[in-house]
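Engineer: Task: produce atomic coordinates for the following.
(chains A and B)
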Amino acid sequence: MQHPHAELSAYIDGALDPAARAAVDGHLVTCAVCRAHVAQLRATVALVQALPDPVPSRRLVPRLTTAPAWLAPLRTIMTLASGAAVFLFLASALATNITPLATSGAPGTTAREASGDTAVKGQAPAAQPAGAPTVTPAPAPTASPYGAFAVAPSSSPAADNVVRGPATAAPDKRGDTSTGASAAPGAALNPPDAARTTASAPQPSPLLSPWLWLALAIICGAAAIALSRRLRASV
Amino acid sequence: MTGAPDSEIQLLIERARSGDTRAFEDLARREERALYRHALRIVGTTSDAEDIVQDALFSAWRSIASFQGLSFRAWLFRIATNRALDHLRSRKRRPELPLDPPDDDDVTWAEPVAAGPDLTQLVGDREALAAVEAALGSLPTEQRTALLLRDVEGFAYEEIAVITSVEIGTVKSRIHRGRLAVRNVLITRGWRGSDG
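Structural biologist: Just a heads-up that it's a prediction; the model follows:
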């Protein structure tokens, strides 16, 4: 018998009729080559069967109940809302970045700006002509976090630690008297004043928060995608 | 249908034929992943395979009244296979391969070029599985389809003949040629076959 090569796959699948199967069986007893081929085909089948199972990314069984009529308009609304929220996110992000620049120097400053102001003015004694009286609008409480910036009487240990040296410094090289503590006694040297300044500043509207719009854009976008999938899976 | 008694399947089929959408969805869900892997290995792209399976299942629902003869699973695979093959024909990306070369008993059996691991020890070897996947992808579509229906989905030759609308002798030839091609790819990559 010739090598029954073409029959070997059907042989291992049990798809041969009894006579053909008996013939192949008889051949395999005497033919090592065909026995090896049978083993190789079986191994090949095992490899094909061992291939990993891919998983679809979405539901493939159609929803045979008709989707509600309001689903399509809702998807459109959600898509538009998502787009609008993205626009507002960008606009509010720009606005919040521009606003501090526009308001710097204006009465309504933030706490950070107020303390920065104070820091500048903390060097005011340097601007005082030698021998000029040191103006202390308010005694600096030693426990105050602003103490380091305050111009305290020389009897104050805390102030001594902070303003030592500059009190005897040369006249203001910048000539900017407005930075002197005496020029703006109530501007920012005093912590309570700074706090008042901060409290009186207009609070930014929550509508200007970019994160609000970003969150809204994500929510609306996710809803639009979910609705699209639901509609796609429907009849 | 795996893991479900025939009587339960028959009941679901009867309910689906009488218009019970939930019964059909239940039946379809059982074959969803198998249909997807089959379609994916025929057309090669996930999004196309998903669309094909979804369309095939919807088509099956519309024509369930005409279902008869085959097993329900084979019937679903017939619809999905036809859709996948139609998709390939319409895409025309692949060169027109001779789908069924003339039968020839002297199909080449490649011989090992060097000593390598036994084929039977390669199950689970990622490199070997990738080579098998690539070899499957290089097969003529009809051979690949028949091979997958037999070796992955476990259909009998008679069922494959009905699913692919060809004679059983053609099914036998396609399966054998497909297996031999995959085997030859592995052998030429340095793996020796088992000596049986």
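Engineer: Now the longest helix along chain A: average pLDDT?
Structural biologist: Counting residues, the longest helix in chain A under DSSP state H turns out to be helix A:71-103. What helix A:71-103 shows for mean pLDDT is 84.
Engineer: If we go by neighbour counts, what in that helix is buried?
Structural biologist: Using 16 or more other CB atoms under 10 Å in any protein chain shown as the test for burial, helix A:71-103 gives A:Arg75, A:Met78, A:Thr79, A:Ala81, A:Ser82, A:Ala85, A:Val86, A:Leu88, A:Phe89, A:Ser92, A:Ala93, A:Ala95. Where you see a C-beta, it was placed from the backbone N, CA and C, and this is true even at glycine.
Engineer: Return the member of the residues you listed nearest to chain B.
Structural biologist: When these are compared for distance to chain B (CB to the nearest CB), A:Arg75 comes out closest, at 18.5 Å.
Engineer: Mean pLDDT per helix and strand in chain B: which one sits at the bottom?
Structural biologist: Sorting the helices and strands of chain B by mean pLDDT, DSSP states H and E puts helix B:126-137 at the bottom, at a mean of 87.
Engineer: and the next element down the chain from it?
Structural biologist: Proceeding C-terminally, helix B:126-137 gives way to helix B:141-147 as the next helix or strand, assigned by DSSP states H and E.
Engineer: Quick one: the helices in chain A, in order.
Structural biologist: Taking DSSP H to define them, one finds helices in chain A at A:8-12, A:18-30, A:32-49, A:71-103, A:111-121, A:157-163, A:191-200, A:210-232.
Engineer: Buried deepest among the ones you listed, which one?
Structural biologist: Among these, helix A:8-12 has the highest mean neighbour count (mean count of other CB atoms under 10 Å in any protein chain shown), at a mean of 23.
Engineer: Please tabulate the helices of chain A in CSV, including the columns distance to chain B.
Structural biologist: Listed next are those as CSV, based on distance: least, CB to the nearest CB, whole Å:
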stretch, distance to chain B
helix A:8-12, 4
helix A:18-30, 8
helix A:32-49, 3
helix A:71-103, 17
helix A:111-121, 52
helix A:157-163, 69
helix A:191-200, 56
helix A:210-232, 8
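Engineer: For B:Asp151, find the nearest of these.
Structural biologist: Across the helices of chain A, the minimum distance to B:Asp151, taken as CB to CB, is reached by helix A:32-49, at 4.4 Å.
Engineer: Next, the angle from the closest one to helix B:126-137.
Structural biologist: Following axes from the mean of the first three to the mean of the last three CA atoms, to 10 degrees, one obtains 90 degrees for the angle between helix A:32-49 and helix B:126-137.
Engineer: So B:Ile9 is in contact with B:Trp75, correct?
Structural biologist: No. The pair B:Ile9 / B:Trp75 is not scored as a contact, 11.9 Å apart, by CB atoms under 8 Å.
Engineer: Settle it for me: which of those two has more neighbours?
Structural biologist: When B:Ile9 and B:Trp75 are compared on other CB atoms under 10 Å in any protein chain shown, the one with more neighbours turns out to be B:Trp75, at 21 against 17.
Engineer: List the contacts of that one.
Structural biologist: Shown in contact with B:Trp75 (CB atoms under 8 Å, 6 or more residues apart in numbering or on different chains): B:Ala60, B:Phe67.
Engineer: How much space separates it from chain A?
Structural biologist: 16 Å (CB to the nearest CB, to the nearest Å).
Engineer: Toward the C-terminus, what is the element adjacent to the top helix by length along chain B?
Structural biologist: With residue count as the measure and DSSP H as the assignment, chain B has helix B:21-43 as its longest helix. Along the chain past helix B:21-43, the next helix or strand (assigned with DSSP H and E) turns out to be helix B:46-62.
Engineer: Go ahead and name everything in contact with that following helix.
Structural biologist: Looking at what lies outside helix B:46-62 - CB under 8 Å, 6+ apart - the contacts are A:54, A:56-58, A:60-62, A:64, A:233, A:235, B:16, B:21, B:24, B:28, B:32, B:35-36, B:39-40, B:42-43, B:67, B:75-76, B:79-80, B:83-84, B:87.
Engineer: Which members of those residues are classed as buried?
Structural biologist: Neighbour counting with 16+ other CB under 10 Å marks A:56, A:60-62, A:64, A:233, B:16, B:24, B:28, B:32, B:35-36, B:39-40, B:42-43, B:75-76, B:79-80, B:83-84, B:87 as buried within the contacts of helix B:46-62.
Engineer: what domains does the record give for chain B?
Structural biologist: Annotated domains of chain B cover B:6-91, B:119-188 [automatic domain parsing].
Engineer: now swap in chain A and tell me
Structural biologist: Chain A breaks down into these structural domains: A:5-49, A:58-108+A:204-235, A:109-201 (assignment by automatic domain parsing).
Engineer: weakest of those by average pLDDT?
Structural biologist: Confidence, taken as mean pLDDT, is least for domain A:109-201 of the domains of chain A (a mean of 44).
Engineer: which ones are touching residue 41?
Structural biologist: Assuming you mean chain A. A:Leu41 touches A:Leu8, A:Ser9, A:Ile12, B:Arg179, B:Leu180, B:Arg183, counting by CB under 8 Å, 6+ apart.
Engineer: let's do chain B instead
Structural biologist: B:Leu136, B:Gly137, B:Arg144, B:Leu148, B:Val152.
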